[in-house]
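S.K.: sequence and predicted structure are below.
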Amino acid sequence: MKEFIGTKKIKAVETTKQEYCDYRGWEVPEDEDPREEIYLVEYEVDPLSKPNHTNHKGYISMSPKHVFEDAYKPASTFLDRLHVEASDLYEKIEKLTHAIEHKLIPESETQILKVQLDVMRTYFGILASRINKAKN
């Protein structure tokens, strides 16, 4: 199988497996914990997919809490989205710094990647300034 990284806008609410199953009109399977914390997830309306619940315009499903929180970050506000962008960029800066410092990349690529790293750090500084300005 190939690996994929996805990006999609969703709506979600934290709940339990029991509450989700009750909402869907289902029974919790005997071998599953009804108290398990999950998220009810609603995906964006897609003209190729039909809603699967009368109270929702998009397709809904559930996601285990830890899986959901590893994959999604709050993005309701402009400041939330700035934090997500800065966090993602910081992670990339850390990985690239590690690769350069530990010579994990071909020597022929080192110089251009150092330039890229400088630009990424500058961009991160700009995002940090915007976050600080938005907080005040």
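M.R.: Good, I have the coordinates.
S.K.: switch to C-alpha atoms for all contacts and neighbour counts from now on
M.R.: OK.
S.K.: any idea which helix is longest in the chain?
M.R.: Ranked by residue count under DSSP state H, the longest helix found in the chain is helix 107-135.
S.K.: what's the model's confidence in it, averaged?
M.R.: In this model, helix 107-135 has a mean pLDDT of 97.
S.K.: okay, buried residues for that helix please.
M.R.: Residues of helix 107-135 classed as buried by neighbour count (16 or more other C-alpha atoms under 10 Å): Thr110, Leu113, Leu117, Met120, Phe124, Leu127, Ile131.
S.K.: also stretch 39-58?
M.R.: Buried residues in stretch 39-58 (16+ other C-alpha under 10 Å): Tyr39, Leu40, Val41, Glu42, Tyr43, Glu44, Pro51, Gly58.
S.K.: now do the contacts for the nearest residue to the fifth one once chain neighbours are set aside.
M.R.: Counting by C-alpha to C-alpha, 6 or more residues apart in numbering, the nearest residue to Tyr43 once its immediate chain neighbours are dropped is Ile10, at 4.8 Å. Going by C-alpha atoms under 8 Å, 6 or more residues apart in numbering, Ile10 touches Val41, Glu42, Tyr43, Glu44.
S.K.: distance of Ile10 from Leu40?
M.R.: Distance of Ile10 to Leu40, computed by C-alpha to C-alpha, to the nearest Å: 10 Å.
S.K.: and if you look at Val119?
M.R.: From Val119 across to Leu40, the span is 39 Å (C-alpha to C-alpha).
S.K.: next, the buried residues of the helix or strand bottoming out on mean pLDDT in the chain.
M.R.: Lowest mean confidence among the helices and strands of the chain (mean pLDDT, DSSP states H and E): helix 65-71, at a mean of 94. Residues of helix 65-71 classed as buried: Lys65, Phe68 (neighbour count, 16+ other C-alpha under 10 Å).
S.K.: which residues make contact with that helix from outside it?
M.R.: Glu14, Glu37, Ile38, Tyr39.
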